[in-house]
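# Structure, please.
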Amino acid sequence: MTDVLGVPPALVEELRREVERLRLLHSITLEFNATLDFDKLLPQVFDRVMTAVGAAGGSLWIAEEDMLHCRLAVGGSAARLVGAQMPVGTGFVGDVAKKQRTTMVMEAVRDPRFQEASDTVEDTVSTTIMATAMVVGGVTVGAIQVVDKRTGTGAFTEQDKQLLEGLAAAAATAIRNAQLHGAERRARDLAVLLEISREISGTLDLDRVLQSVVNLAGRALPFDRGAVGLYEKGHCDIRAVAGQETVDPKDPRLLDLVARAEWAAGRGEPLYLSDREDPASDAERLFVTIFGQDLANDQVRSGLYLPLKDEEGVLGVLVFESSSADFAGETQREVAAILANQTGVALRNAQLYHQVPMVDALGALAARKQALLRLPRRRLQLYAVATLVLLAAVTLIRWPLRVSGEAPVLRPNGYMPVRVMVDGTVERVAVREGSRVQRGDVLAVLRATALAADRQGIAADAVTADRLASLAASRGEPAEERLHRIRGEALRRELALLDEELSLTTVRAPVGGVVLTPRMEERTGTSLGEGDQLLLLGRTDTLELEFGVAQQDILEVRPGQTVRLRVDALPSHTFEGRVTSIAELPKEQDERVEYPVRAAVANPDGLLKPDMAAHARVLADPASVVTRTLRGPIRWIRLTWWRIWS
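Model (predicted):
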């Protein structure tokens, strides 16, 4: 039965469900994108997925290199799943993470991918499992697995699969954004710590150290009031307050702050008061009991109190307070703890500096100076000229510094997967691996039997419609004739569409390049669906060279510099290229940190092949003998000095 518009009720119901699904996906996507806090986002994603598909249990996994880490789980196995690791490609969740496609299994225990540790609920074997990967930009950021639907037959439906895939796609983008935001935030915090470290390690003036710490900390922590004080014999002396050049010891608010600082320093352990109105631990409740009224008078809602100490005892205390609850997140508290450790070391160094005698060192320098002045004047002049000539030679003569590239790899400059646009069977392959093709060249021909049959049938129907129209015209029935004419026109339009689809059975090269897919002749007779990849084209007239540069040399390398390389196959031939990009993130190679550098190498004669063993060097800025000889020792001395005095 149909409604008044002639639409079957089943179709109306299907459209209604689709609209509801899209509305749900839209609302959930907005929720996911409403936060960039990774730790808050994961429970929100997992809860919405479990509720939407109505699963009895499940788990959420985050990809880190070649491993999946379970961050959240529901069900009887949740306790042992959270924190567990699984290699990509293992189990249902590892399989979907690797293949980046959804799997739905009705009898999971009989599937070879079944893993009892991760695929059970309430200590019973799961019967139905559905898992999908969270993919963004072709990169798997994680995977979601749900087991045993609570309603109906207990089996997941195709609608559940589509809903899960939609949720996973939305979650992938939100999670990736949160990860990038977290990395950027950590980078900013580390930059602030580095700047503070440079500032406090560059001076041994105690007051300057304290003033720098409390003022620069405002870049990493959103506090309303910050102070640092020295602690000795149970008394705290506030020496610096954020935003103030001088400290007024008679300020009533400062006296209250001194009392809280003395209590925190005497306790000897860090204290974070998350909310004065709702203390979360015994230490917080004790602190509020003692100083609750003072905190209320000073409009302090939360605070962070960090003793500055080393192995010899407490040196001082670092205090940050805010009028808002829970002003410092976990990451910010970690940054504050690192800052406190650096400040403690700087305080101890400043104290030791004033205890080190300098008389002996100054006396030795004075003795050497007197010995030099006792030499004859002519000899002094000769020594001076020789020294100037030598210095000029080793400092003014410069040539490009060569920076070695580690583990260079050659690869095509670009890839283009060629996919078929219609279902069919490969009837003929016109290229082989290594064949060079131009845009529009024929790569293969498909046999689309179903399309050809449909076209033949529609063509026959179109001829029949024209014949019936002519017959109606001969009988003088214009209405019948018009009806058959309209039907014939519709069939001919459909025939044109089928002809267009049949033309797609001839697969042509979308771009010029080289065929990289091996054994193309074996693809003859293979059935392909619409969108399946037939082969892979690559550009080899210009190759991309990627190599690693050690962290101590990476600042010498810049885009545009010349790269020279040789390959084992042509040891007497030197190729040249240009640096195109330098990666921001490093990679570890045999416990060494190296940064990937990419260069474009012209290959017009096709002498270079992808993955050839190569040896590469970057011609960096010119450097003198002095620079080349002393750059390593100077770097070591600076780092050693920083480790000792920071």
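# Outline the domain layout of the protein.
9-182, 204-353, 416-535, 536-645 (automatic domain parsing).
# and the third one, how far apart are its ends?
Read it as domain 416-535. Taking Cα to Cα, to the nearest Å, domain 416-535 runs 9 Å from one end to the other.
# heads up, I number from 42, so please use that
Fine by me, first position is 42 from now on; the one you just mentioned is domain 457-576.
# What's the mean pLDDT across stretch 338-351?
The predicted model assigns stretch 338-351 a mean pLDDT of 87.
# and if you look at stretch 604-616?
89.
# Relative to the whole chain's centre, how far out is it?
35 Å (Cα atoms, centre = their mean, to the nearest Å).
# mind listing what's buried in stretch 537-546?
Buried residues in stretch 537-546, counted by 16 or more other Cβ atoms under 10 Å: 539, 542, 543, 545, 546. Bear in mind the C-beta positions are built from the backbone N, C-alpha and C, glycine included.
# any idea how far the second one is from residue 581?
In this structure, residue 542 and residue 581 are 33 Å apart, going by Cβ to Cβ, to the nearest Å.
# Over to the first one?
In this view, residue 539 and residue 581 are 38 Å apart by Cβ to Cβ.
# now swap in the fourth one and tell me
Counting by Cβ to Cβ, the gap from residue 545 to residue 581 is 27 Å.
# Likewise for residue 501?
49 Å.
# In terms of packing, which of the two has more residues around it?
Ranked by neighbour count (other Cβ atoms under 10 Å), residue 501 and residue 581 place residue 581 first, with 21 against 11.
# Secondary structure element for that one, which one?
Here residue 581, judged by DSSP states H and E, is contained in strand 574-591.
# Show me which residues of that strand are buried.
Using 16+ other Cβ under 10 Å as the test for burial, strand 574-591 gives 575-581, 584-591.
# I'd like to know which of the residues you listed is nearest to residue 311.
residue 591 (37.4 Å; Cβ to Cβ).
# Skip the chain neighbours and tell me the closest residue to that closest one.
Setting aside the residues directly before and after it, residue 591 is nearest to residue 635 in space (Cβ to Cβ, 6 or more residues apart in numbering), at 5.8 Å.
# Kindly report the same for residue 278.
In this structure, residue 278 finds its nearest non-sequential neighbour in residue 271, 4.9 Å apart by Cβ to Cβ, 6+ apart.
# In a helix, the one you found, correct?
No: counting by DSSP: H, G, I helix; E, B strand; the rest coil, one finds residue 271 to be strand, located in no helix.
# For residue 324, the count of nearby residues, please.
Using other Cβ under 10 Å: residue 324 sits among 15 other residues.
# Once you drop chain neighbours, what's closest to it?
Per Cβ to Cβ, 6+ apart, closest to residue 324 is residue 312, 5.8 Å.
# Which helix or which strand is home to the closest residue to residue 486 other than its chain neighbours?
Residue nearest to residue 486 in three dimensions, not counting chain neighbours: residue 469, with 4.5 Å by Cβ to Cβ, 6+ apart. Element membership for residue 469 (DSSP H and E) is strand 465-470.
# Just want the angle from that strand to strand 574-591.
For strand 465-470 against strand 574-591, the angle between stretch directions is 80 degrees (axes from the mean of the first three to the mean of the last three Cα atoms, to 10 degrees).
# Can you give the contact residues for the helix or strand following strand 465-470?
Note on strand 465-470: by DSSP H and E, the next helix or strand toward the C-terminus is strand 477-478. If you take Cβ atoms under 8 Å, 6 or more residues apart in numbering as the criterion, strand 477-478 is touched by 472, 484, 550, 553, 554, 555, 556, 578.
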